[in-house]
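>>> would you be able to build a 3D model of this:
(4 chains)
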Protein chains: 2
Amino acid sequence: MATGRTHRPATRSRGIPEATVARLPLYLRALTALSERSVPTVSSEELAAAAGVNSAKLRKDFSYLGSYGTRGVGYDVEYLVYQISRELGLTQDWPVVIVGIGNLGAALANYGGFASRGFRVAALIDADPAMAGKPVAGIPVQHSDDLEKIIQDNGVSIGVIATPAGAAQAVCERLVAAGVTSILNFAPTVLSVPDGVDVRKVDLSIELQILAFHEQRKAGEGAAASDGGVPTAAARNESADQGPDGDMPAVMPA
Amino acid sequence: MATGRTHRPATRSRGIPEATVARLPLYLRALTALSERSVPTVSSEELAAAAGVNSAKLRKDFSYLGSYGTRGVGYDVEYLVYQISRELGLTQDWPVVIVGIGNLGAALANYGGFASRGFRVAALIDADPAMAGKPVAGIPVQHSDDLEKIIQDNGVSIGVIATPAGAAQAVCERLVAAGVTSILNFAPTVLSVPDGVDVRKVDLSIELQILAFHEQRKAGEGAAASDGGVPTAAARNESADQGPDGDMPAVMPA
DNA sequence: GCCTGTGAAATGATTCACAGCC
DNA sequence: GGCTGTGAATCATTTCACAGGC
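Numbers count the residues shown, from 1 in each chain, chains lettered A, B, ... in the order given. Next up is the predicted model:
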């Protein structure tokens, strides 16, 4: 779901469906684990289980990449790791900048999985002059005045935004103007970008809200096939919400 | 994408499509912003723009909730805020525990958007005895020995896992056994859970890999109708770069 | 016999386009 | 005249089921 503006038509060349692309990293992770255990081959059934999908979907996904399996046998683990890595563009090095080194930005900078697969944190950028020079995850934070130069000097095309919501759009525009064409946005705001720039967003509170929806539904259907023994959470505070933040309007139309 | 096992059929009652549910928080955020600016009504077109979707989709989404708009006029902002909040289950208070108070866990604990909408961080849990008692975001960290008791005492049904990958499945099992039925997983691993438990995952490295895929594709299609002026990032470190379709594997299949 | 690769069918999501109402 | 609500059409994704190769 690359959002922003009108989302690249995706039609070009032999298109791999977006849904498939989104699963490739999952397969890759499972395969890497197998590779580390020196497992030579794996069946679609086994690999699907390890990746948390069903085998028909996995085979269909792989069929978009080519015929990399062997009938009656399965897939060669190393070979597949290579093919998927190449398809995802992980055989090259992607310098990434993280903008906004608060709690979350620091967590991202420290996140190991980041560096592990072709991604390299090229720079950390923050607007607070007091942060400048301070090392986070071994990398000195640079001031946002120098954002454009940092992007260009490092040939960065992927930027991560971990600023407060209010700053995100402005940061986004500077990143794009400086040459960034892919953005991972952690700020809880909709970014608008020109055509040709991809944005993906990660929003914690959205994920929680989706869970709450399903959770509520489970509770609401109370009678229905009560869970196999798991006691549903005890009394829950029925208040009309709003939490410590004092964020909600509290107005309630009839 | 509620993963895990066979993913609740969603059949029951008047089902709202999963894709719609995933967008409701987006609409809610946009509406809340309008509400704060005391905007009384909004058209599908305006709201859609604010939420980053198109208006037909928004109207279709809302049609699953009921007929809350007025033809010729638009939607009443406060009323919609309330209806969507209710549909998402945000009119009640959801106590949440965060397990794994490393960099990421601490960032989550401090994340304001968390508390802002019906969610309340009821407890922070970590396996490191040295952490016990230390306050993070004003909440003392508790030791994981007490996990079950904490879940039960607080009536928690939503858990957030921010542990290292290796610990995630075990933590998940303890959470589920103690009564948690919705899990937000930040650990880069596939959790398996019994039926009736929802899992959503957030994986930074997966998001980056998806961006890299598209990024590579942009670069590969170089000649194609170069973007409307945005200068593509300068020299990129090419390590193994094959052109599109370069097919020389490092390891040959058996 | 086992397991992949893939057409065909089924399901789900998005977009179109317009009737109906204010 | 403007804007919602929604069937119908289109497009995307998943699942089925089996032919084909090892």
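>>> alpha carbons only: can I get stretch A:133-150 in CSV?
What follows is stretch A:133-150 as a C-alpha-only set of coordinates in CSV (Å, rounded to 0.1, in the frame of the first residue of the first chain):
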residue,chain,number,x,y,z
GLY,A,133,27.4,15.4,17.7
LYS,A,134,26.0,13.0,20.3
PRO,A,135,26.4,9.5,19.2
VAL,A,136,23.4,7.2,19.0
ALA,A,137,24.1,3.6,18.2
GLY,A,138,27.7,4.7,17.5
ILE,A,139,26.7,7.2,14.9
PRO,A,140,26.9,10.9,15.6
VAL,A,141,23.7,12.8,15.2
GLN,A,142,23.8,15.6,12.6
HIS,A,143,21.8,18.7,12.5
SER,A,144,18.9,19.0,10.1
ASP,A,145,20.4,22.1,8.6
ASP,A,146,22.7,19.8,6.7
LEU,A,147,20.0,17.4,5.5
GLU,A,148,20.4,18.1,1.8
LYS,A,149,24.1,17.8,1.9
ILE,A,150,24.0,14.6,3.9
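>>> and for the closest residue to DNA strand C within the stretch 101-250 of chain A, the neighbour number?
Nearest residue of the stretch 101-250 of chain A to DNA strand C: A:I210, at 12.4 Å (C-beta to the nearest atom of the strand). Quick note: C-beta positions are derived from backbone N, CA and C, even for glycine. Counted with other C-beta atoms under 10 Å in any protein chain shown, the neighbours of A:I210 add up to 23.
>>> show the contacting residues for it.
A:I210 is in contact with B:V21, B:A22, B:P25, B:R200, counting by C-beta atoms under 8 Å, 6 or more residues apart in numbering or on different chains.
>>> that one: which element?
Secondary structure from DSSP states H and E places A:I210 in helix A:204-220.
>>> tell me the one of the contacts of A:I210 nearest A:G74?
B:R200 (30.3 Å; C-beta to C-beta).
>>> helix, strand or coil for the closest one?
strand (DSSP: H, G, I helix; E, B strand; the rest coil).
>>> pLDDT wise, what is it at?
pLDDT, B:R200: 98.
>>> that one pairs with what?
Using DSSP bridges, the beta-bridge partners of B:R200 come out as B:L184.
>>> is it true that it touches B:N185?
Yes - applying C-beta atoms under 8 Å, one finds B:R200 in contact with B:N185, separated by 7.0 Å.
>>> can you list the buried residues in the lengthiest strand in chain A?
Assignment by DSSP state E gives strand A:119-126 as the longest strand of chain A. Neighbour-count burial for strand A:119-126, counted by 16 or more other C-beta atoms under 10 Å in any protein chain shown, picks out A:F119, A:V121, A:A122, A:A123, A:L124, A:I125, A:D126.
>>> what ranges in the stretch 1-150 of chain A fall below the confidence cut-off?
Applying pLDDT under 70 to the stretch 1-150 of chain A flags residues A:1-14.
>>> strands of that one, residue ranges please.
Ranges of strands in the stretch 1-150 of chain A, per DSSP state E, counting those that start in this stretch, are A:41-42, A:69-70, A:74-76, A:94-99, A:119-126, A:135-136, A:139-143.
>>> how about the stretch 151-254 of chain A?
A:158-161, A:182-185, A:198-201.
>>> dump these to a markdown table, plus mean neighbour count and distance to B:V42.
Output for those, formatted as a markdown table (neighbours: other C-beta atoms under 10 Å in any protein chain shown; distance: least, C-beta to C-beta, whole Å):
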| stretch | mean neighbour count | distance to B:V42 |
| --- | --- | --- |
| strand A:158-161 | 26 | 26 |
| strand A:182-185 | 26 | 23 |
| strand A:198-201 | 22 | 22 |
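>>> in chain A, which helix is the longest?
helix A:18-36 (DSSP state H).
>>> wait, does that one contact chain B?
Yes - using C-beta under 8 Å from any C-beta of the partner chain, a contact is recorded between helix A:18-36 and chain B, made by A:V21, A:A22, A:L24, A:P25, A:L26, A:L28, A:R29, A:A30.
>>> does any bit of that helix sit next to DNA strand D?
Yes - under the criterion of C-beta under 7 Å from any atom of the strand, DNA strand D is reached by helix A:18-36 at A:E18, A:A19, A:T20.
>>> ok, that helix near DNA strand C or not?
No - using C-beta under 7 Å from any atom of the strand, helix A:18-36 stays clear of DNA strand C, coming no nearer than 10.0 Å.
>>> same check, this time on stretch A:39-50
Yes - contact of stretch A:39-50 with DNA strand C (C-beta under 7 Å from any atom of the strand) involves A:S43, A:S44, A:E45.
>>> distance to DNA strand D and neighbour count added to the residues you listed, as TSV?
Converted to TSV, those look like this (distance: C-beta to the nearest atom of the strand, whole Å; neighbours: other C-beta atoms under 10 Å in any protein chain shown):
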residue	distance to DNA strand D	neighbour count
A:S43	12	15
A:S44	10	20
A:E45	11	14
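>>> OK, contacts around the closest residue to chain B within the stretch 51-200 of chain A?
Nearest to chain B, among the residues of the stretch 51-200 of chain A, is A:G89, at 3.1 Å (C-beta to the nearest C-beta). A:G89 makes contact with A:G118, B:A212, B:F213, B:E215, B:Q216, B:R217, according to C-beta under 8 Å, 6+ apart.
>>> dump these to TSV, plus neighbour count and distance to DNA strand D.
Shown next, in TSV, are those (neighbours: other C-beta atoms under 10 Å in any protein chain shown; distance: C-beta to the nearest atom of the strand, whole Å):
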residue	neighbour count	distance to DNA strand D
A:G118	20	24
B:A212	23	18
B:F213	21	13
B:E215	24	19
B:Q216	23	18
B:R217	21	15
